[in-house]
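**Q** how would this look folded up:
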Amino acid sequence: MASLRNIPLRLTTGAFILNSGIGKTQLDAESAAGLQAMAARAFPQLGQIKAEEFGKLLAAGELALGSALLAPFIPARLAGLGLTAFSSALLWMYHKTPGATVDGVRPTQDGTGLAKDVFLLGAGLSLLIGSSKKS
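**A** Numbering: from 1, shown residues only. This next block holds a predicted model:
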């Protein structure tokens, strides 16, 4: 059973990521290719798969993570681990996106939309380290 202290983090991040995944289930090829190009800057191996396949995998990953965060029977540490890994990948992508940062860290005006994922990292780490072994 989810600890009461984790409910706000899990509800807000889970709903946000689940909604994002739902929105990606109907990606057209051009949109999938754009997302793939951004991701491939940080993780070059992602450029080796078809854009449509990448879009489907991204949507499935977001649906799975969002659902895991919302499901009270998934332990908080496990949900936090997933959220931490996901947000770390997003922040690495932000770091690798040209024009998104000033001095490699602070966001530019264009990079602010990507930099906001630092809040997801904080939530994931809070679930990871703030949970008792029972939750």
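
**Q** Can you give me the buried ones in the helix or strand of the chain with the lowest mean pLDDT?
**A** Least confident element among the helices and strands of the chain, by mean pLDDT, DSSP states H and E: helix 112-115 (a mean of 83). The neighbour-count check on helix 112-115 (16 or more other C-beta atoms under 10 Å) flags 114-115 as buried. All C-beta spots, glycine's among them, are computed from the backbone N, C-alpha and C.

**Q** In terms of secondary structure, what does whichever helix or strand comes after it contact?
**A** Using DSSP states H and E, the next helix or strand after helix 112-115 towards the C-terminus is helix 118-129. If contacts are counted by 3 or more C-beta pairs under 8 Å, 6 or more residues apart in numbering; DSSP states H and E, helix 118-129 sits against helix 7-24, helix 76-96.

**Q** neighbours around the nearest residue to Val118 once chain neighbours are set aside, how many?
**A** The shortest distance from Val118 to any non-neighbouring residue, by C-beta to C-beta, 6 or more residues apart in numbering, is to Leu91 (6.4 Å). When neighbours are counted by other C-beta atoms under 10 Å, Leu91 registers 17.
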